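1. No letters, just coordinates:
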């Protein structure tokens, strides 16, 4: 049987204004555009690295 992939729910809680440019681009790549936006992403190494870059701007929940 195939394993069910874990999913993470990401919510943007702070703005990237005044931060390093790569942090704003990382939020966009994750699908977050405005404060309060929420997206579901598959839990893998690539997404985890992006979350680490902007961990102070988002909240993360496991689904």
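-> Okay, I see it. Here the structure is a predicted model, which is why all the values come from computation and not from measurement.

2. So residue 32 belongs to a strand, correct?
-> No - counting by DSSP: H, G, I helix; E, B strand; the rest coil, residue 32 falls outside a strand, being coil.

3. Run through the residues that contact the nearest residue to it once chain neighbours are set aside.
-> Distance criterion CB to CB, 6 or more residues apart in numbering; nearest residue to residue 32, sequence neighbours excluded, is residue 12 at 4.3 Å. Placement of C-beta: from N, CA and C, glycine included. With contacts defined as CB atoms under 8 Å, 6 or more residues apart in numbering, residue 12 is in contact with 27, 32, 33, 34, 35, 36, 37, 38, 57, 58.

4. Could you measure from residue 12 over to residue 61?
-> Distance, residue 12 to residue 61, by CB to CB, to the nearest Å: 13 Å.

5. which SS class is residue 9?
-> With three-state DSSP as the criterion, residue 9 reads strand.

6. What's opposite it in the beta bridge?
-> residue 40, residue 61 (DSSP bridges).

7. Can you name the residues that contact it?
-> Counted by CB under 8 Å, 6+ apart, residue 9 has contacts 38, 39, 40, 60, 61, 62, 63.

8. what's the closest of the contacts of residue 12 to residue 4?
-> Comparing those against residue 4 with CB to CB places residue 38 closest, at 20.7 Å.

9. Pretty sure the closest one sits against residue 10.
-> Yes - the criterion here is CB atoms under 8 Å, and residue 38 meets it with residue 10 at 6.9 Å.

10. And the pLDDT at residue 4?
-> For residue 4, the pLDDT comes out at 71.

11. Also residue 1?
-> 50.

12. what about residue 16, distance to residue 42?
-> From residue 16 over to residue 42 (counting by CB to CB), the distance is 23 Å.
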